[in-house]
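1. Compute the structure for the input listed below.
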Amino acid sequence: MSFQQGLSGLNAAAKNLDVIGNNVSNASTVGFKQSQAQFADVYANSLTGAGGSSIGIGVKVAQVAQQFTQGNITSTNNPLDMAINGGGFFRMDNGGEIAYQRNGQFQLDKNGYIVNPTGGKLTGYTANASGVLSTGAPAPLAINTADLTPQATSEVNAVLNLDSTGTALPAASFDMNDPTTYHSSTAASVYDSLGNQHTLQTYYVKTAAGTWNVYAASDGTPIPAAGTPVSTLTFNGSGALTGGGQFTVTAPVTTGANPITAAFDFTGTTQFGSAFSVNTLNQDGYTSGRLAGFNIGADGTILGRYTNGQSAVLGQVVLANFANPNGLQQMGNNLWTETATSGTPLVGTPDSGGLGVLQSSAVEDSNVDLTAELVNMITAQRVYQANAQTIKSQDAVLQTLVNLR
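-> Residues are numbered from 1 along each chain as shown. This is a model prediction of the structure:
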């Protein structure tokens, strides 16, 4: 009798409706991956092997397979939200237990850790105070909100043009307070070891053809002493710098910080018959700064921006991928865990080794296609009705047999 086939068909259609219903209910779940019920036919075993005219005894659910296709990317206003465009999973630390997710909705907890809505901590490579990443084992990522330590100026790079048409002046006549005793000057803001700002001035006096004395002052005080040059720049007949372009200036400070020792580099400076100009004048020091914001790059690097105009690496998000993602075990709350079937996780930085890239201030939508699911629901309903009809028909046949006299 075909009651068994019809009953297995009813069960299979009901399971299919369950899968479709779960897909539809999660159509708005960020990072959700839709599932598909896959079926297999069933045949009875025979002691002598299956014959050519064997009749199947129904259907069974072979597996419920998730479809790890890419969902749409939607922009958000949260800088901690991240969407994976491509393969891979976020690696989460749930109290020591490692889990994986595609949902990129994150926030900061009271300790500064990047966490998901259930409190799991996002893992990656942490950075020290100097912004150097520790690329060993991934660890929970935290946003360090401490002030950025000031850096004393150690280098000053200057590219100038000194006017070759200037009239040579006696070196002994230089007086920083008398503009008639020098040809031109520059001023650069430099910083001591405590982050205090100072003004380092340089003065240029042409003493002979192709020869210029350089004098310096810090906050209006001559260094090393009044009337003593810190270097002499020499130029050839083509106006190119030939000597004196690299020298060191030590400026004492009165703020309790260490003296400022700056190495000047005038490489590229010229002496042409045109007006004095400053093409480049920069230095490597800065004052302390507070964290003003941060952004996450496509490679997972978390870059902090500070109020002093500097930036520093705060960490790097890592992703994990598997040889067989369908072997992962679903744990709920948008999480999966590895199994023997999935294989071991392959951990790496985004945009490397087949892993996708990250897009910050965005999330990956569910990959459920509602239109397709509603059509599948109608099909599953018709299948259920057809299997019920086979049972009804078999019942009528059996009733006929019972009524024979």
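2. C-alpha from now on. contacts and neighbour counts both.
-> Will do.
3. How far away from the center of its chain is the longest helix along the chain?
-> For the chain, the helix that runs over the most residues, judged by DSSP state H, is helix 370-402. Offset of helix 370-402 from its chain centre (Cα atoms, centre = their mean, to the nearest Å): 52 Å.
4. Would you map out the domains in the chain?
-> 3-69+369-402, 74-145+293-364, 155-283 (automatic domain parsing).
5. Let's have those in JSON lines, adding mean neighbour count.
-> Putting these into JSON lines (neighbours: other Cα atoms under 10 Å) gives the following:
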{"stretch": "domain 3-69+369-402", "mean neighbour count": "16"}
{"stretch": "domain 74-145+293-364", "mean neighbour count": "19"}
{"stretch": "domain 155-283", "mean neighbour count": "18"}
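6. Can I get stretch 341-358 in PDB, CA atoms only?
-> What follows is stretch 341-358, C-alpha atoms only, in PDB (Å, rounded to 0.1, in the frame of the first residue of the first chain):
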ATOM      1  CA  THR A 341      32.800  18.500   8.800                       C
ATOM      2  CA  SER A 342      33.500  22.200   8.300                       C
ATOM      3  CA  GLY A 343      37.300  21.800   8.600                       C
ATOM      4  CA  THR A 344      39.600  24.000  10.600                       C
ATOM      5  CA  PRO A 345      39.300  27.800  10.300                       C
ATOM      6  CA  LEU A 346      41.700  29.600   8.000                       C
ATOM      7  CA  VAL A 347      42.300  33.000   9.700                       C
ATOM      8  CA  GLY A 348      43.700  36.000   7.900                       C
ATOM      9  CA  THR A 349      43.300  39.700   7.300                       C
ATOM     10  CA  PRO A 350      40.600  40.900   4.900                       C
ATOM     11  CA  ASP A 351      41.400  41.000   1.200                       C
ATOM     12  CA  SER A 352      44.000  38.200   1.500                       C
ATOM     13  CA  GLY A 353      43.900  34.500   0.900                       C
ATOM     14  CA  GLY A 354      40.400  34.500  -0.700                       C
ATOM     15  CA  LEU A 355      38.900  36.500   2.200                       C
ATOM     16  CA  GLY A 356      36.500  39.300   1.400                       C
ATOM     17  CA  VAL A 357      37.100  43.000   2.000                       C
ATOM     18  CA  LEU A 358      35.400  45.100   4.800                       C
END
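7. what's the offset of that stretch from the middle of its chain?
-> 14 Å.
8. Just the mean pLDDT for stretch 133-146, thanks.
-> On average, the pLDDT along stretch 133-146 is 92.
9. What's the end-to-end length of it?
-> One end of stretch 133-146 to the other measures 17 Å (Cα to Cα, to the nearest Å).
10. Which strands and helices lie in contact with the longest helix of the chain?
-> helix 3-25 (3 or more Cα pairs under 8 Å, 6 or more residues apart in numbering; DSSP states H and E).
11. what lines up beside the following helix or strand past the helix it packs on in the sheet?
-> Later in the chain than helix 3-25, the nearest helix or strand by DSSP states H and E is strand 35-42. Each strand that pairs with strand 35-42, with its direction, by DSSP bridges: strand 58-66 (antiparallel).
12. quick check: angle from the partner strand to helix 3-25?
-> 20 degrees (axes from the mean of the first three to the mean of the last three Cα atoms, to 10 degrees).
13. The residue nearest in space to the middle of the chain: what's its closest spatial neighbour, skipping adjacent residues?
-> The centroid of the chain falls nearest to residue 300 when counting by Cα atoms, centre = their mean (2.2 Å). Leaving aside its sequence neighbours, residue 300 sits nearest to residue 317 (Cα to Cα, 6 or more residues apart in numbering; 4.6 Å).
14. For that neighbour, which residues are in contact?
-> Listed by Cα atoms under 8 Å, 6 or more residues apart in numbering, the contact set of residue 317 reads 122-125, 141, 299-302, 349-350.
15. Dump those residues to CSV, plus secondary structure and distance to residue 369.
-> Formatted as CSV, these follow (DSSP: H, G, I helix; E, B strand; the rest coil; distance: Cα to Cα, whole Å):
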residue, secondary structure, distance to residue 369
122, strand, 29
123, strand, 31
124, strand, 32
125, strand, 36
141, coil, 34
299, coil, 29
300, coil, 29
301, strand, 33
302, strand, 33
349, coil, 30
350, coil, 27
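16. Out of the residues you listed, which comes closest to residue 67?
-> residue 350 (21.4 Å; Cα to Cα).
17. so that closest one touches residue 359, yeah?
-> No - counting by Cα atoms under 8 Å, residue 350 stays clear of residue 359, with 10.3 Å between them.
18. okay, and the common contacts of those two?
-> residue 298.
19. start to end distance for stretch 71-91?
-> 19 Å.
20. scratch that, stretch 354-364 is what I was asking about
-> Termini of stretch 354-364 sit 18 Å apart (Cα to Cα).
21. Find the nearest non-adjacent residue to residue 43, please.
-> residue 56 (4.6 Å).
22. need the contact list for that neighbour.
-> Going by Cα under 8 Å, 6+ apart, residue 56 touches 5, 41-44.
23. between these, which is nearest residue 117?
-> residue 41 (41.9 Å).
24. Residue 60 is in contact with the closest one, correct?
-> Yes - proximity of residue 41 to residue 60 meets the contact threshold set by Cα under 8 Å, at 6.3 Å.
25. quick revisit: please tabulate the contacts of residue 317 in TSV, including the columns distance to residue 26.
-> Formatted as TSV, those follow (distance: Cα to Cα, whole Å):
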residue	distance to residue 26
122	23
123	26
124	28
125	32
141	29
299	29
300	27
301	31
302	31
349	29
350	27
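26. which regions of the stretch 1-150 of the chain lie under the pLDDT threshold?
-> Residues of the stretch 1-150 of the chain that meet the criterion pLDDT under 70 lie in 1, 46-53.
27. my bad, should have said the stretch 251-400 of the chain
-> Looking at the stretch 251-400 of the chain by pLDDT under 70, you get an empty list.
28. Output the contacting helices and strands for the longest strand seen in the chain.
-> Determined from DSSP state E, the single longest strand within the chain is strand 197-208. Judged by 3+ Cα pairs under 8 Å, 6+ apart, strand 197-208 is in contact with strand 184-191, strand 211-218.
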